[in-house]
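Q: Show me how the following folds:
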Amino acid sequence: MSLMEFCELRNGVLVPSYREAIAPIRCDWCNGMGESLLAFGSLWVCPECFGEAETEWTGRGGRG
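A: Model (predicted):
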C-alpha cells in the first residue's frame, strides 16, 4: 500500500481522503445490508441470520 491510497493532492497539499476506504458493511451470511449488524467471531451478521449462523457454528464444533 502506498500513501496515495489514503491521500490526495489539493492545491499542492497532501490531505487525507477516506472515500475509497469506507465501504458499507454487509452481512457475511446473507450478503444483505442491515440497519444493525452483530459481530459473530470475525463475521458480521444481521439479526435475522444470527440464529442460523450460531446453529451452524455450534454444529461444527465451535464454542457455544
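
Q: where in the protein is pLDDT low?
A: Residue ranges of the chain with pLDDT under 70: 1-5, 18-23, 34, 61-64.

Q: make it 80
A: Low-confidence segments of the chain (pLDDT under 80): 1-7, 17-25, 33-35, 59-64.

Q: Tell me which residues touch the spatially most central residue of the chain, please.
A: Closest residue to the average C-alpha location of the chain: residue 25 at 4.0 Å, with Cα atoms, centre = their mean. Listed by Cβ atoms under 8 Å, 6 or more residues apart in numbering, the contact set of residue 25 reads 33, 37, 44. (Glycine included, C-beta is placed from N, CA and C.)

Q: residue boundaries of the helices in this protein?
A: 47-59 (DSSP state H).

Q: circling back to that earlier point, let me have the contacts of residue 25 in TSV, extended by distance to residue 10.
A: Converted to TSV, the contacts of residue 25 look like this (distance: Cβ to Cβ, whole Å):
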residue	distance to residue 10
33	31
37	34
44	33
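
Q: possible to save the residues you listed as CSV with neighbour count and distance to residue 11?
A: Compiled in CSV, the contacts of residue 25 are given as follows (neighbours: other Cβ atoms under 10 Å; distance: Cβ to Cβ, whole Å):
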residue, neighbour count, distance to residue 11
33, 11, 36
37, 20, 38
44, 16, 38
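
Q: For residue 51, state which of the residues you listed is nearest.
A: residue 37 (14.3 Å; Cβ to Cβ).

Q: Verify the contact between that closest one and residue 43 for me.
A: No. At 9.3 Å, residue 37 does not count as touching residue 43 under the criterion of Cβ atoms under 8 Å.
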